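Undergrad: Quick check, what structure comes out for this input:
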Amino acid sequence: MLFLASLVTPVSARGSDRQKPKPYALIFGTVWDPDGHPLYGIKVKIRRADEKRARWELYSNHTGEFAQRLPVGKADYIVWADVKGYKLPSGRQLKPGPEVTVHIDDDERSDIGLHLDW
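TA: Numbers count the residues shown, from 1 in each chain. Purely as a prediction, here's the structure:
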């Protein structure tokens, strides 16, 4: 009976031992080939503008998209695609496109596109 009461009791009325989720900023993007098609499996690197090496590495998903959570606060980030070792089924070689600079002020989302070259 106690179990059923806990299922009916609203979450807000129960004791909340959980902490509030920590705020974050988000860079969300899509990797595009030169013909405008999204690309799967492209390594994406992100670094703070004042650093030399990538702090985050992730891969684009089946729709060419990627997302990275970042600390809240004013900062600039550099985002680029690393295509070393990436093979297209057609055999064509991709070249990295230009790096993208993203400015974050607070706990916001920034949407970008990474466009690759032949």
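Undergrad: hey, what's Val100 bridged with?
TA: Val79 (DSSP bridges).
Undergrad: In contact with it, which residues?
TA: 29, 78-80, 112-114 (Cβ atoms under 8 Å, 6 or more residues apart in numbering). Quick note: C-beta positions are derived from backbone N, CA and C, even for glycine.
Undergrad: Mind giving me the PyMOL command for buried ones among the residues you listed?
TA: Filtering the contacts of Val100 down to the buried ones (16 or more other Cβ atoms under 10 Å) takes a single PyMOL command:
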select buried, resi 29+78+79+80+114
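Undergrad: okay, among the contacts of Val100, which ones form the most distant pair?
TA: Ile78 and Gly113 (14.8 Å; Cβ to Cβ).
Undergrad: ok, back up a step: mind putting the contacts of Val100 into TSV with distance to Thr63?
TA: Output for the contacts of Val100, formatted as TSV (distance: Cβ to Cβ, whole Å):
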residue	distance to Thr63
Gly29	11
Ile78	23
Val79	18
Trp80	20
Ile112	15
Gly113	13
Leu114	14
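Undergrad: from the contacts of Val100, which is closest to Leu88?
TA: Leu114 (15.8 Å).
Undergrad: wait, the closest one sits on Asp33?
TA: No - in this structure, Leu114 is not within contact of Asp33 by Cβ atoms under 8 Å, at 10.4 Å.
Undergrad: Geometric centre of this structure: which residue is closest?
TA: Closest residue to the average C-alpha location of the chain: Ala67 at 1.6 Å, with Cα atoms, centre = their mean.
Undergrad: Can you list phi and psi of that residue for me?
TA: Main-chain dihedrals, Ala67, degrees, to the nearest 10: phi -150, psi 140.
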